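Undergrad: using only what follows, build the 3D model:
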Amino acid sequence: MTAATYARIFGRAAQRAVMSGAWVATLELPPAQRRTVRAAMIAAAATASIASSGGAYRAALSSGPSPSSGPPPASAPVDGGPVDRQRAVFGATATALVVTAIVVQRRLEKRWLDTLTRKGHPHPVRGLALRAAATDFAGSVAAQFATRHWITPAAARRAA
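TA: Okay, the predicted model is just below:
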């Protein structure tokens, strides 16, 4: 797997920001329309992902299950060895960071919406959508740069 280029990093971040802003902007719609629009957004994102994969999804689906992908035979011993402590700590830390980011984002959204409403903004949900999109863009770029510069090189060194 090659490292992501700067154009790809910013492109992914922009796509994610647009989706995030649109997701928040649907709060102005009635519930039935909101669900329909959000389902269409998910379908469009999945279609774009499959189309940009270069046929990797189609190849995986057409090849069928590989012989080694099934469960191990009953006679095979189950590996009960020690868990790699570094991987466990990394997984727990990553999970904690993701949950923290979700909680902080939701609190910011509530605070921003209250502030926009209190100050008499003509379209507070639209203003919130723009703020959410900008925040999501910045966070996505930062996470992808961290992956490119710190996580990916370390994984490449371990594989060598």
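Undergrad: quick one: A43 from V37, how far?
TA: 11 Å (C-beta to C-beta, to the nearest Å). Placement of C-beta: from N, CA and C, glycine included.
Undergrad: ok, these two, which is more surrounded?
TA: V37 (15 against 10; other C-beta atoms under 10 Å).
Undergrad: what about the longest helix in the protein?
TA: The longest helix of the chain (DSSP state H) is helix 85-118.
Undergrad: show the subsequent helix or strand relative to that helix.
TA: helix 124-146 (DSSP states H and E).
Undergrad: list the helices and strands that next one packs on?
TA: helix 6-25, helix 85-118 (3 or more C-beta pairs under 8 Å, 6 or more residues apart in numbering; DSSP states H and E).
Undergrad: avg pLDDT for the shortest one?
TA: In this model, helix 6-25 has a mean pLDDT of 91.
Undergrad: and the next helix or strand past that helix?
TA: On the C-terminal side of helix 6-25, the nearest following helix or strand under DSSP H and E is helix 31-52.
Undergrad: what angle do that next one and helix 6-25 make?
TA: 170 degrees (axes from the mean of the first three to the mean of the last three C-alpha atoms, to 10 degrees).
Undergrad: which strands and helices sit next to helix 31-52?
TA: Where contact means 3+ C-beta pairs under 8 Å, 6+ apart, helix 31-52 is packed against helix 6-25.
Undergrad: and the helix it packs on, how far from the chain's centre?
TA: Mean-position distance between helix 6-25 and its chain equals 10 Å (C-alpha atoms, centre = their mean, to the nearest Å).
Undergrad: what's it in contact with?
TA: Identification of contacts with helix 6-25 by C-beta atoms under 8 Å, 6 or more residues apart in numbering yields 4, 37-38, 41, 45, 48, 109, 125-126, 128-130, 132-134, 136-137, 140-141, 144-145, 148.
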